[in-house]
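Peer 1: Provide a 3D model corresponding to the input given below.
(4 chains)
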Number of protein chains: 2
Amino acid sequence: MSYRTDILNAATKLFAERGFKDTSIVDLSRLSGAAEGTIFHHFKTKEEILVQLLRKVKDDILHEVSSKIQRNGTGLMLVERTVELFLMLSETMEYEFLLLFRNYPYQLASINPECRQSIEEIYNCFLDLLIEGIEKGQSDGTVRICKPFRMGIIIFSMVIGIVRFKIFHLYPVESCYSDILESCRRMLR
Amino acid sequence: MSYRTDILNAATKLFAERGFKDTSIVDLSRLSGAAEGTIFHHFKTKEEILVQLLRKVKDDILHEVSSKIQRNGTGLMLVERTVELFLMLSETMEYEFLLLFRNYPYQLASINPECRQSIEEIYNCFLDLLIEGIEKGQSDGTVRICKPFRMGIIIFSMVIGIVRFKIFHLYPVESCYSDILESCRRMLR
DNA sequence: ACAAGTCCCGAGTGAGTACTCGGTTTGTTT
DNA sequence: AAACAAACCGAGTACTCACTCGGGACTTGT
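Peer 2: So this is what the prediction gives:
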């Protein structure tokens, strides 16, 4: 039982709530209970904490997606399931999503390419599912003829936008979920 | 001819490109040509620069909106014009939009309530136009029966998401503009 | 000419930062 | 129990940051 996981947990919380730059090692030390020296015993630099944290978040989310997404049914159903899953995960994995949205692409992209890559893999995972669903839907007749990539981008940006509104408490959107799915169907049919 | 505007111009560029926290007074001094002391002669604190900057951005955008938006025509047309205007402004006022998207609601919200208020006014300006268009459209028959606020939120989040993708070069979206308008129509009709 | 005021300068200040280092504790192996 | 390594500690270091201060230059009104 080392402080390693305590430090990562503290980092998840603080990086998500305040962002990377606004969290100091002293903050991490206080919240995790580990001395500053201990933190640098487990992680070479502050940046290294973020890199490992994001790698873990990426693994968790990709695992969650691959275990929850079912590919039976129509293409339109796959799109709907992807949207629903994203909305659901943004609640069950709130801190992880907060972390993604708060730190990207603002500080992160320039800080570290590995961070950026982790986050892009997460983004692409969902976008690819949407595109796959649209293409499949065009084969089975549940989706109209349109450019899959473009419509995937549009739907994805809509869902991300909604989640951002919710996570940062800008507008109340919980009541919109059914309207979002209905909007997707209308856009694609 | 004082350094005041030079400092604000430098701040617009640097806060937009790097964010508030990642821009130092030395950076501002170098880019504007004004000595550090001169910066603090014109602005009480670094935060004060941001406050005044955002107030100006808000005024500029609200003025642009009120001068460009025409209310003749159907409700659906008002929605489409609002979306088009937002997309257009995100190009003609690129730095200002970058500034909005980079700094909100991450560092800003907690830093200063006046900053937050400026940005919320900008957001609400567009959202209110969308809602107005939807309600008007429901009267004149160009928009189906739905909750105006919810659909306004959904359309707004879609447009913001697209602009974010573009501004940060995450995905190529320039080609999507006509699809976005088409999607709006399908969602509302 | 002189006083007042604005603009400007940049070295200096103190607080905070990420990170280091020498040494202590704890756990494991033999 | 002795030996070794991993985990842990916190004072110390070098650096960056926003901000101050005392004074110089230029403009304006009297």
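Peer 1: just list the residues touching residue A:86, thanks.
Peer 2: Contacts for residue A:86 were tallied using CB atoms under 8 Å, 6 or more residues apart in numbering or on different chains; they are A:126, A:159, A:163. C-beta coordinates here come from the backbone N, C-alpha and C atoms, glycine included.
Peer 1: okay, the residues you listed in a markdown table with distance to chain B, neighbour count and pLDDT next?
Peer 2: What follows is these, written out as a markdown table (distance: CB to the nearest CB, whole Å; neighbours: other CB atoms under 10 Å in any protein chain shown; pLDDT from 0 to 100):
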| residue | distance to chain B | neighbour count | pLDDT |
| --- | --- | --- | --- |
| A:126 | 12 | 22 | 98 |
| A:159 | 8 | 24 | 98 |
| A:163 | 9 | 22 | 96 |
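Peer 1: between those residues, which sits nearest DNA strand C?
Peer 2: Minimum distance to DNA strand C across the contacts of residue A:86 is 27.9 Å, recorded for residue A:163 (CB to the nearest atom of the strand).
Peer 1: burial count for the residue lying closest to that closest one once chain neighbours are set aside?
Peer 2: Spatial nearest neighbour of residue A:163, excluding adjacent residues (CB to CB, 6 or more residues apart in numbering or on different chains): residue A:90 at 4.5 Å. Taking other CB atoms under 10 Å in any protein chain shown as the neighbour definition, residue A:90 ends up with a count of 21.
Peer 1: give me the element residue A:90 is part of.
Peer 2: helix A:75-92 (DSSP states H and E).
Peer 1: buried sites along that helix?
Peer 2: For helix A:75-92, burial by neighbour count (16 or more other CB atoms under 10 Å in any protein chain shown) applies to A:75-87, A:89-90.
Peer 1: now do stretch A:131-144
Peer 2: Quick answer for stretch A:131-144 (16+ other CB under 10 Å): A:131-134, A:136-138, A:142-143.
Peer 1: would you point out the most distant pair within the residues you listed?
Peer 2: Taking CB to CB as the measure, the buried residues of stretch A:131-144 span a maximum distance of 14.7 Å, between A:131 and A:142.
Peer 1: what residues does chain A have near DNA strand D?
Peer 2: Proximity of chain A to DNA strand D, by CB under 7 Å from any atom of the strand, involves residues A:1-4, A:33-38, A:40-42.
Peer 1: between those residues, which is closest to residue A:180?
Peer 2: Proximity of these to residue A:180 was ranked by CB to CB; the top entry is residue A:4 with 39.1 Å.
Peer 1: quick one: the closest one and residue A:41 touch, right?
Peer 2: No: contact status for residue A:4 versus residue A:41: not in contact, 9.2 Å apart, counting by CB atoms under 8 Å.
Peer 1: could I get the pLDDT score of the residue nearest to residue A:163?
Peer 2: Model confidence at residue A:90, given as pLDDT, is 97.
Peer 1: lowest-confidence helix or strand of chain A?
Peer 2: Considering only helices and strands, the least confidently modelled element of chain A by mean pLDDT, DSSP states H and E is helix A:108-111, at a mean of 65.
Peer 1: past it, which element shows up next along the chain?
Peer 2: Scanning the chain past helix A:108-111 towards its C-terminal end, the next helix or strand to appear is helix A:113-140 (assignment: DSSP H and E).
Peer 1: does anything pack onto the helix or strand following that following helix? Which helices or strands?
Peer 2: Towards the C-terminus, the helix or strand next in line after helix A:113-140, according to DSSP H and E, is helix A:148-167. Packing contacts for helix A:148-167, counted by 3 or more CB pairs under 8 Å, 6 or more residues apart in numbering or on different chains; DSSP states H and E, involve helix A:75-92, helix A:94-103, helix A:113-140, helix A:177-188, helix B:148-167, helix B:177-188.
Peer 1: top of the residues of chain A next to DNA strand D by neighbour count?
Peer 2: Neighbours were tallied for each of the residues of chain A next to DNA strand D (criterion: other CB under 10 Å), and the maximum of 20 neighbours falls on residue A:34.
Peer 1: tell me the contacts of the closest residue to that one other than its chain neighbours?
Peer 2: Spatial nearest neighbour of residue A:34, excluding adjacent residues (CB to CB, 6+ apart): residue A:3 at 3.8 Å. When the contact criterion is CB under 8 Å, 6+ apart, the partners of residue A:3 are A:32-34, A:38-39, A:42.
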